[in-house]
Structures are given as C-alpha cells and as structure tokens.
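> got a sequence here, can you build the structure:
(4 chains)
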2 protein chains.
Amino acid sequence: MGTRERRQREFAEREALFLDAALHRIREDGLLGLQMSGLAEKAEYAVGTLYLHFSSKEDLLLALATRIVQDYLELLRKASAWKASSRERMLAIAVADIVFQRRHPDYFRISQYCLCEVAWSAASETRRHAFQQANLPTMNIVARIIEDACRAGDLDAEGASAQELAIGVWSLCSGYANISHAEGLLEMFTVNDPNTVLCRQVQSLLDGYGWKPLSGPTSEHEIKQLIQRIGLEVFQERCNEK
Amino acid sequence: MGTRERRQREFAEREALFLDAALHRIREDGLLGLQMSGLAEKAEYAVGTLYLHFSSKEDLLLALATRIVQDYLELLRKASAWKASSRERMLAIAVADIVFQRRHPDYFRISQYCLCEVAWSAASETRRHAFQQANLPTMNIVARIIEDACRAGDLDAEGASAQELAIGVWSLCSGYANISHAEGLLEMFTVNDPNTVLCRQVQSLLDGYGWKPLSGPTSEHEIKQLIQRIGLEVFQERCNEK
DNA sequence: TCGCTTATATGAATACGGTTCATACTTTGT
DNA sequence: ACAAAGTATGAACCGTATTCATATAAGCGA
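Next up is the predicted model:
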C-alpha cells in the first residue's frame, strides 16, 4: 500500500508550509527578525518539528533560496523559448532578471546571506548541493542561446567558450544587483532608471563580444520600449520604471 | 600639553592592534571562528575594552573591511596615475583588482558578510558611513579615467555619464569575484585562468562602450603578457596565473 | 478491538557566544 | 598626598539556536 508515499508527500507539504511561513516572516520582519521558535509557532508546529526538516536556520534559508530559484529558471526558460533573434533573446534574459527581482524582492537578500561563508558552511551538504544543482541550468540556458548565436552566425566567440561568455553576462547582472541593493552608492550617482542602465550595460557587453546588434532600435527610448514589450509579450508583466 | 593627542593616538593604535588580531584569527579559523572573547584574549585585552572600540562584532568587521579598502584605493591610484593611454589604464584597473585579491584573499569574504542586511544593520551608523566614504573614491578614480578617455577622443559615451560606465565595470568585476568565490560553479565550467577571463570580459565591455581598443595586442597570449607587464611595472607584483 | 512496536512530534532544558555594567584600577590636577 | 575623573576589566547576563528525553500517534498482528 502507498502509506510510505503518502507520508513522504505530507512531509514535503509540511516543508513547503515552513518555507512559505519563513518567507512571510522575512517579508514582515526582515531576515534579521527571523526566529526559529517564532516561525514554528506561526506554522503551528513545535520547534523540534522544524528541525526534522532543516538541520539549521541557515539550512532553512538555503532551502528557501533554492525554491525561489525555480521561479527564476521558469522566467529564463520563457526568455530562451521566445521566438526571436539570439540577440533579442539575450535582452530578454536581462528583462527576466528585472521581472524576477520585482517578483522576489527578498531573494537577493536571502541568497546574499546564504552565500556568505558563515551561512554557507552552516547549511547541510545536501542542501548546498541542491542549491548548486538548481543554479546550474541557469548558466546552461544562457550558454545555449550563445551557442545558437554562434551557429546562426550572429556571433564569433573567438575561442571563448559559450559558458565563459555566459559567466560574463551573469557576473554583470549579479554584480549590478549586488551594488544596487547593498550600497547606497548607486543612488548617489545614477540619473537614469536602474533597470535601463543594466540593460544598456548588458547590450554594451554583448556588443563587445562582437554580437550582431539588435536590428531595429538603438536609441535610449526605443530600447526602453522594447524592454516593455518583452515584459508584456514574454513574461506577461509590466516593466515600468519604478 | 599634548596629553589628549597622545591618548587619542594610543587609542587608535590599539584599534589597529585589534583589527590586526582579527585579521589573523580570520585567516586561521575563518570568519565563522571569530569570537569576541578569543580575539580580546589574543590581543591581551579584556572583552570590555574591545567594546570600547566597536559597538558590535559586525561593527568590528566593517571597520576591518574599511581599512582594507584603503589598500585597494592605493592600487587604484597607482593604476590611475600610470602614464599610459586611457584604455591601458582601464586594463590596469582590472589588474589592480587581481593584485588586490591576491594580497587580501579574505577581503572578499569579509565584505560579502558585512554587506548582508543582517551584518550591515548590526554595525554602527558611523562605521557604515565610513565604509561608504572609503568606497566612494573607488568609483571616482574609474570615472576620471573614463572622462579622460572622452576628452582624449578615445571614447564617445553617447549620453551615458562617466559614473554610469564606471558602475558597469565595477559590477562586472565585483560580480565576477562574487561568483568565482562563492559558487563552485566556476570550476565546473571555466577552462582558462580565471584572471585572464576577467580581463577579457572587461575588455569586451570596454569594446562595447565603443572605447578605442588597445593599439598593440589583441591575441590571448599578448594580453596575458601585457597583464604580467602591468603587474610588474605598475604594482611591482607578479601576476602569474595560479 | 486490543496490546505491542515503531515512528513521529513535542517543548522544556541546554549550550553558546555576544554584550553589559558594577567594580577595580590608573591617571590627572590641586 | 588625596580626591575626582577617566579607563579597563571580566564575571554575569541574555537571547536565541539547537537538542533530546518524553509524550503521542500510527501501524500491525492476533
């Protein structure tokens, strides 16, 4: 009989419940305010039960991050599957980043914390591995678009592997997110809408790779409109500047 | 009489002593292993004395980060003062990054932690401000090189401010550092020496800005040699691949 | 349906390390 | 030499993550 399977399912459901509750608490009180006892209470279970699922607080947070990454992947897949030129699909990747940040405004802070040595080493090996596995496709999706571009003749990688270029784009996006969140510096300098700035930077990087530029638009305004259009068409979401 | 001044100087010296000791402990036991009581003991002072200097553990770490940034600035200044074309000086900035990472292999982990919401909000306002002030020149040095390039006709920024472009380069460098340290992903993909990859990425980004390319070398090998040369000439340091 | 065994849940008790603050000591000024 | 002001000290405190002895429930054969 399927009693074992049901057990497992119920266990998984409870885990999801805990993660939901954790996200709620983080939204309300910030990462700093998250307490295991309070979380257990909110979820109407005992603290010990929480620890049947997660080996530590950091383990829980990493599990949460891993779950959220699934959503990011979903967006990337949509961008990747979009019927458009390789260059346009690359821009869609940047837009996916923007949409993701809008949908999961807490993800950045959570993952930033989880990736710190202190937190990372406090999570279980299993959890760490799961997180890395969840992130791997990210890179591969981008790499595949790059390979497409090479095949289509839009891009000559000149000895650099697709993955290497993907890492560059990824570095730029994640570094930008880092800076714009953490330091107050961005506000001191930037005049333009941060999202537009990121997209322009990505465009520049792609140009620098020698990628055949977008056929249509090049002006500031046209790019903005294209971003809006991608937001609606590919992700069914408005991408207005904030 | 200068008794007040001496006092202040002694106080500052002791603070430096604490920071030195902290760095040593971190080198030995990792960030995770750093304990206030142990640190005080190592420095041969009481815990309470430590707290006369730092309002919390995180405050101490941020102070440490701030101090290390001074060294980074020193490197950037050298790069900036180098008698070379704007484009070469920009490459020197990337090399400065590499040299810095080599000299302060712990800085990344420390600052990564300090910038986390959890740690950031646990540091004193004063300390946070000092950190931001210490970082500000970073951006300005890069921005100044970009302005030079525009003035020299090597670059047409097309409406983007120098700061905006500086942020792009910075994002790329810091994002790359982030990825290469934190995730094990880089090792899974990259074939080339990580430093070379970073430099190439920066080159691509600059190319993408429409920056007049390096006059001499373009091949993989020549760029590597140039990096070596900059390391020795500008920073008096070998930049071999590890 | 009733015991018996095994699996699961519980939350009071523990452990740990950052932080405080009453006390002791040192310096300064008269 | 003595009092006042300024510093340094480290044992005690406190908050919170984590554990684990105990209670509860589920499974199962008779």
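> quick check: phi and psi on A:Trp82?
A:Trp82 adopts backbone torsions of phi -60, psi 140, taken as degrees, to the nearest 10.
> with A:Asp106 instead?
phi -90, psi -20.
> wouldn't it be in contact with A:Ala22 here?
No - proximity of A:Asp106 to A:Ala22 does not meet the contact threshold set by Cβ atoms under 8 Å, at 10.2 Å. From N, CA and C alone the C-beta is placed, and that goes for glycine too.
> more neighbours: the two, which one.
Per other Cβ atoms under 10 Å in any protein chain shown, whichever of A:Asp106 and A:Ala22 has more neighbours is A:Ala22, with 23 against 16.
> list the contacts of the residue lying closest to A:Phe235 once chain neighbours are set aside.
Spatially, and ignoring its direct neighbours in sequence, A:Phe235 is nearest to A:Val99 (4.9 Å; Cβ to Cβ, 6 or more residues apart in numbering or on different chains). Residues in contact with A:Val99 (Cβ atoms under 8 Å, 6 or more residues apart in numbering or on different chains) are A:75, A:231, A:235, A:237, A:239.
> surely the third one is in contact with A:Val95?
Yes - with contact defined as Cβ under 8 Å, A:Phe235 and A:Val95 form a contacting pair (7.1 Å).
> among the two, which residue is more densely surrounded?
A:Val95 (27 against 22).
> beyond the helix or strand where that one lies, next helix or strand please.
Taking DSSP states H and E as the definition, A:Val95 sits inside helix A:86-103. Using DSSP H and E, the helix or strand that follows helix A:86-103 in sequence is helix A:107-115.
> look through chain A and state the residue closest to DNA strand C.
Residue nearest to DNA strand C within chain A (Cβ to the nearest atom of the strand): A:Gly48, separated by 2.0 Å.
> what helices or strands is the host helix or strand of that residue leaning on?
Assigning secondary structure by DSSP H and E places A:Gly48 in helix A:47-53. With contacts defined as 3 or more Cβ pairs under 8 Å, 6 or more residues apart in numbering or on different chains; DSSP states H and E, the packing partners of helix A:47-53 are helix A:3-29, helix A:36-42.
> C-alpha coordinates for that helix, CSV please?
Presented in CSV, the C-alpha positions along helix A:47-53 are these (Å, rounded to 0.1, in the frame of the first residue of the first chain):
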residue,chain,number,x,y,z
VAL,A,47,10.5,23.8,17.1
GLY,A,48,11.7,20.3,17.1
THR,A,49,9.5,19.5,14.1
LEU,A,50,11.1,22.3,12.2
TYR,A,51,14.5,20.7,12.9
LEU,A,52,13.2,17.4,11.5
HIS,A,53,13.3,19.3,8.1
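> for DNA strand D, see how far away the closest residue to A:Asn192 other than its chain neighbours is.
Leaving aside its sequence neighbours, A:Asn192 sits nearest to B:Glu164 (Cβ to Cβ, 6+ apart; 7.0 Å). Remark: distance between B:Glu164 and DNA strand D (Cβ to the nearest atom of the strand, to the nearest Å) = 40 Å.
> now do the strand or helix carrying B:Glu164 against helix A:107-115, angle only.
Assigned by DSSP H and E, B:Glu164 falls within helix B:162-182. With axes from the mean of the first three to the mean of the last three Cα atoms, to 10 degrees defining the directions, helix B:162-182 sits at 40 degrees from helix A:107-115.
> now for helix B:162-182, which elements pack on it?
helix A:162-182, helix A:185-189, helix A:194-209, helix B:86-103, helix B:107-114, helix B:125-152, helix B:185-189, helix B:194-209.
> please save the CA atoms from that helix in CSV.
Taking Å, rounded to 0.1, in the frame of the first residue of the first chain, the C-alpha atoms of helix B:162-182 are listed here in CSV:
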residue,chain,number,x,y,z
ALA,B,162,31.2,58.5,-16.7
GLN,B,163,29.8,57.2,-13.4
GLU,B,164,27.3,55.0,-15.2
LEU,B,165,30.0,53.4,-17.2
ALA,B,166,32.2,53.1,-14.1
ILE,B,167,29.4,51.3,-12.4
GLY,B,168,29.2,48.8,-15.3
VAL,B,169,32.9,48.0,-15.0
TRP,B,170,32.6,47.7,-11.2
SER,B,171,29.6,45.5,-11.5
LEU,B,172,31.4,43.2,-13.8
CYS,B,173,34.5,42.9,-11.6
SER,B,174,32.6,42.5,-8.3
GLY,B,175,30.1,40.2,-9.8
TYR,B,176,32.8,38.0,-11.2
ALA,B,177,34.6,38.0,-7.8
ASN,B,178,31.3,37.0,-6.2
ILE,B,179,30.7,34.1,-8.5
SER,B,180,34.2,32.8,-8.5
HIS,B,181,34.5,32.8,-4.8
ALA,B,182,31.1,31.7,-3.6
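> which residues touch stretch A:21-31?
So stretch A:21-31 is in contact with A:33-34, A:38-39, A:42-43, A:60-61, A:64, A:106, A:109-110, A:113, B:116-118, B:121, going by Cβ under 8 Å, 6+ apart.
> again, only this time at 6 Å
Under the contact criterion Cβ atoms under 6 Å, 6 or more residues apart in numbering or on different chains, stretch A:21-31 has outside partners A:34, A:39, A:42-43, A:64, A:106, A:109, B:117-118.
> buried residues in stretch A:47-57, which are they?
A:50, A:53-54, A:57 (16 or more other Cβ atoms under 10 Å in any protein chain shown).
> would you quantify the distance from the closest residue to A:Tyr209 other than its chain neighbours to B:Val197?
Nearest-residue entry for A:Tyr209: B:Ser204, 5.4 Å, with adjacent residues in sequence omitted and distances by Cβ to Cβ, 6+ apart. Separation of B:Ser204 from B:Val197 (Cβ to Cβ, to the nearest Å): 11 Å.
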